[in-house]
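[1] please find the sequence and the predicted model below.
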Amino acid sequence: MFFQQQGEAKLHYGSSDFTILEGGAYVVCAVTREKIPLEELRYWNDDRQEAYRDAAAALEGFKRAGAV
């Protein structure tokens, strides 16, 4: 496993990547509240600084924000 630390990480989401502000093993999906291991994180919104488990959760996040 690439990310060896324990607990929730604190990230800053950019438009094409993210910066780790505080180390950890996972972030929490803004829609499903599931833990997302950092090595599996592929979906986020940089405007709202939210992570999403998968494409379906990302779409739901955009719908909740009124963006779709």
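    The structure has been received and is ready for your questions. Fair warning: this is a prediction, and the values are worked out from it, not measured in the lab.

[2] residues in contact with the closest residue in space to Glu34 that isn't next to it in sequence?
    Nearest non-adjacent residue to Glu34, counting by C-beta to C-beta, 6 or more residues apart in numbering: Arg53, 5.2 Å away. Every C-beta, even on glycine, is put in place using the N, C-alpha and C of the backbone. When contacts are counted by C-beta atoms under 8 Å, 6 or more residues apart in numbering, Arg53 touches 29, 31-32, 34, 36, 43.

[3] if we use 7 Å, what do you get?
    Arg53 sits next to 29, 32, 34, 36 when contact means C-beta atoms under 7 Å, 6 or more residues apart in numbering.

[4] got the phi and psi for it?
    Backbone torsions of Arg53, given as degrees, to the nearest 10, read phi -60, psi -40.

[5] now, the most widely separated pair of the contacts of Arg53?
    By the measure C-beta to C-beta, Thr32 and Ile36 form the most distant pair in those, at 9.1 Å.

[6] what residues does stretch 57-68 touch?
    29-32, 43, 45, 48, 50, 52.

[7] helix or strand: which one has Gln5?
    Counting by DSSP states H and E, no helix or strand carries Gln5.

[8] name the SS class of the spatially most central residue of the chain, please.
    Centroid check for the chain by C-alpha atoms, centre = their mean gives Ala51 as the closest residue, at 2.2 Å. Three-state call for Ala51 (DSSP: H, G, I helix; E, B strand; the rest coil): strand.

[9] what's the burial count for the residue nearest to Glu22 when sequence neighbours are not counted?
    Distances taken as C-beta to C-beta, 6+ apart place Lys10 nearest to Glu22, at 3.8 Å, with adjacent residues excluded. Neighbourhood size, Lys10 [other C-beta atoms under 10 Å]: 12.

[10] also Gly7?
    Count around Gly7 with other C-beta under 10 Å applied: 10.

[11] got it, and Val68?
    9.

[12] where does pLDDT dip in the chain?
    1-4 (pLDDT under 70).
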